[in-house]
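> 3D model of this:
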Amino acid sequence: MKSYKYIYIFFAIAIFLQACVVEDGENPYYPPTAYGVYPIISDVQNGFFDIVDPSTAEIAFTIAPSESGGAESNGSGEIQINFNGGDYINYANVNSFPHTETVTLNEAAAATGVNVSSLTLDDSFSFRFYFQLVDGQEMTSGNVLNVPMNCASTLAGTHTYVSTNLQATNGFPCPTGEVTGTVTFTDIGGGNYLVSDLGFGQYSSSCWDDSPATSSNAIFSDSCGKIISGGQDQYSLTYIWVITQVDGPDLYLSWTNDYGDSGNTVITREGGQDWPPLFTD
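The predicted model follows:
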């Protein structure tokens, strides 16, 4: 077990949908303690509009009212949309629930008066939901579904790695040669990936003789080839990756964490496929 005083650092990765891991049965778009009629959002597909292929970019989601505490909806409502935080406008009327809505990028742009060709990665659309109660009251969702512009990402897999020059602050002597193993990138949606080992064998080597550096926050994101690191391990340490070269199926990077550990790693993509042109700032 790594021996030092815990350092608590809070961070958030911004992509759509979060880029958090949602437990089964949890509704990420409204608090579970909400009372009365409120929107339940489920089965979100894609979670972003693909800026590389705007002609086929689309999302889908299902909405329904939760009726509790004696409150009931009258079976009608609206889906409302805005662009970059502007005013909401009515996008579609809903007359039965559950209701599944598919929205293409062209439809979202037309509804908000946006030129698709002018969109950038800094742009996003937001959806909120309105229901009418049987007593005539209106209920609008407090939370929204944010849909950013992004690119399709396909980095998931179990990849092999070779790590060298491993360093451990206040640890044991690290190996002088290569450390090899596998690392799994699990796609959790919106260009976000959960990583099975942020330090690519450093913890499990003689540096620490510990379990791999991972946790539910061990996440990086891919935004059109730009890799955004900052995932945390089981000790709440934050890891920063710097890509130094992409050569076919081999991805070269150096990494550090905020305890002072570091290393260099070459990750070979599963199946020997070429990596896309990935980069970091």
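
> give me the low-pLDDT residue ranges for the stretch 151-281 of the chain?
Judged by pLDDT under 70, the stretch 151-281 of the chain has no weakly predicted residues.

> Strands of that one, start to end?
Using DSSP state E, counting those that start in this stretch, the strands assigned to the stretch 151-281 of the chain run over residues 157-167, 179-189, 192-195, 219-223, 226-228, 239-247, 250-257, 262-268.

> ok, residues contacting the fifth one?
The contact list for strand 226-228, computed with Cβ atoms under 8 Å, 6 or more residues apart in numbering, reads Ile13, Phe220, Ser221, Asp222, Trp241, Ile243, Leu278, Phe279, Thr280, Asp281. For the C-beta atoms, the positions are set from N, CA and C on the backbone; glycine is no exception.

> Using neighbour counts, trim those to the buried set.
Listed as buried from the contacts of strand 226-228 are Ile13, Phe220, Ser221, Asp222, Trp241, Ile243, Thr280; burial here means 16 or more other Cβ atoms under 10 Å.

> Show me the two of these that sit farthest apart.
The span of these, defined through Cβ to Cβ, is set by Ile13 and Ile243 at 17.1 Å.

> and the residue nearest to Asn95 when sequence neighbours are not counted, which of the three is it?
Leaving aside its sequence neighbours, Asn95 sits nearest to Ser76 (Cβ to Cβ, 6 or more residues apart in numbering; 5.4 Å). Following DSSP: H, G, I helix; E, B strand; the rest coil, Ser76 is assigned to strand.

> tally of neighbours for Ser76?
With neighbours defined by other Cβ atoms under 10 Å, the count for Ser76 comes to 13.

> swap in the one 4 residues further on?
Other residues near Gln80 come to 20 when the count uses other Cβ under 10 Å.

> Val44 too?
When neighbours are counted by other Cβ under 10 Å, Val44 registers 19.

> That one against Glu101, yeah?
No: in this structure, Val44 is not within contact of Glu101 by Cβ atoms under 8 Å, at 10.7 Å.

> Name the residues contacting each of those two.
Taking Cβ under 8 Å, 6+ apart as the criterion, Val44 and Glu101 both touch Ala60, Phe61.
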